[in-house]
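> here's my sequence, what's the structure:
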Amino acid sequence: MARVSKSYKAASEKVDPDKRYELQEALGLCKDGVSTKYDQSVDVAVRLGVDPRKAEQNIRGSVVLPKGTGKTFRILVFAKGEKETEAKNAGVEFVGGDELVAKVQGGWTDFDRVIATPDMMGQVGRLGKILGPRGLMPNPKTGTVTFDIEKAVDLIKAGKVDFRVDKGGIVHAPIGKLSFSAEDLAENFRELMSVLMKMKPATSKGAYIKGVALSSTMGVGIKIAYSPN
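Numbers count the residues shown, from 1 in each chain. This is a model prediction of the structure:
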């Protein structure tokens, strides 16, 4: 049985697992949660009324959080020629073509985000088993397969978060850090939910948002009373 820290136990005693809290109260409980030596992420889990096995209900996209993510990402760009130069000028950490594909195939994964130009996807596609499970595979739906490298890099640096629904119908996404103000976290949360609402499939029946919860990396899950209106 996993050992529970005193701070986690104290935090969990403040949260009613059956109650759905208003957003500001939930954020207050989250920020007053488990104490650690590092600035934890605040993550949101949204249970959707979709069937991910159906292509039109396999929700996948991205959101640019207005208050950023609080993270600095190491960006890898697969490109060649002029686009390789464009990526270098945009200030990315890693850029290249076939040699970088081979390096990743060899097990190197020291990066946080991946962008690829369309003409590189034939080679990058071979990295699916490595990048896919890490959520790093470039995809046109998230704007990471593009010839507009500068724009894609700028969006990531500005706070762009990619998300996709998992097999259980749940979308997980970070909305910032515990060091953010409750107001900034709330603004990021509302932007994420707005984007998700716009992606509701026409074939989705019944309630689309079935449940929402948030937690810090080491904290307690807190249910939110969310209404699209």
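> what is the helix or strand that contains Ala26 packed up against?
Using DSSP states H and E, the element containing Ala26 is helix 23-31. In terms of contacts (3 or more CB pairs under 8 Å, 6 or more residues apart in numbering; DSSP states H and E), helix 23-31 is packed against helix 182-198, strand 209-216, strand 222-224. In this view, the C-beta of every residue, glycine as well, is placed from N, C-alpha and C.
> need the winner for burial among the ones you listed.
strand 222-224 (a mean of 21; mean count of other CB atoms under 10 Å).
> and that strand, what does it pack against?
Strand 222-224 packs on helix 23-31, strand 209-216, going by 3+ CB pairs under 8 Å, 6+ apart.
> what pairs with the last one, and is each one parallel or antiparallel?
Read it as strand 209-216. The strands that strand 209-216 pairs with in its sheet are strand 41-48 (antiparallel), strand 222-224 (antiparallel) (by DSSP bridges).
> wait, isn't Gly169 in contact with Leu48?
Yes. The criterion here is CB atoms under 8 Å, and Gly169 meets it with Leu48 at 5.2 Å.
> who touches both of those two?
Common contact partners of Gly169 and Leu48 (CB atoms under 8 Å, 6 or more residues apart in numbering): Lys210.
> neighbour-wise, which of these two wins?
Leu48 (23 against 18; other CB atoms under 10 Å).
> if I look at that one, how far off is Ala55?
15 Å (CB to CB, to the nearest Å).
> one more: Leu178?
Going from Leu178 to Ala55 by CB to CB gives 37 Å.
> then Lys103?
Counting by CB to CB, the gap from Lys103 to Ala55 is 33 Å.
> of those two, who's got more company?
Legend: neighbour count by other CB under 10 Å for Lys103 and Ala55, higher for Lys103 (15 against 7).
> looking at this, the more buried one is in a helix?
Yes. According to DSSP: H, G, I helix; E, B strand; the rest coil, Lys103 belongs to a helix.
> just checking, Arg47 touches Gly211?
Yes. At 4.1 Å, Arg47 and Gly211 qualify as touching, with contact defined as CB under 8 Å.
> how close does the residue of the chain most remote from its centre get to Asp119?
Within the chain, the residue lying farthest from the chain centre (CA atoms, centre = their mean) is Gly81, at 30.3 Å. Distance from Gly81 to Asp119, counting by CB to CB: 9 Å.
> likewise Gly125?
Using CB to CB, Gly125 is found at 12 Å from Asp119.
> give me phi/psi at the residue farthest from the centre of the chain?
phi 60, psi -130 (degrees, to the nearest 10).
> which regions of the protein lie under the pLDDT threshold?
1-11, 33-36, 229 (pLDDT under 70).
> and the strands in it?
Secondary structure of the chain, counting by DSSP state E: strands at 41-48, 60-64, 75-78, 94-96, 113-116, 160-164, 170-177, 209-216, 222-224.
> in JSON lines: those strands, plus distance to Leu23.
Below are these laid out as JSON lines (distance: least, CB to CB, whole Å):
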{"stretch": "strand 41-48", "distance to Leu23": "10"}
{"stretch": "strand 60-64", "distance to Leu23": "17"}
{"stretch": "strand 75-78", "distance to Leu23": "31"}
{"stretch": "strand 94-96", "distance to Leu23": "38"}
{"stretch": "strand 113-116", "distance to Leu23": "28"}
{"stretch": "strand 160-164", "distance to Leu23": "18"}
{"stretch": "strand 170-177", "distance to Leu23": "11"}
{"stretch": "strand 209-216", "distance to Leu23": "9"}
{"stretch": "strand 222-224", "distance to Leu23": "6"}
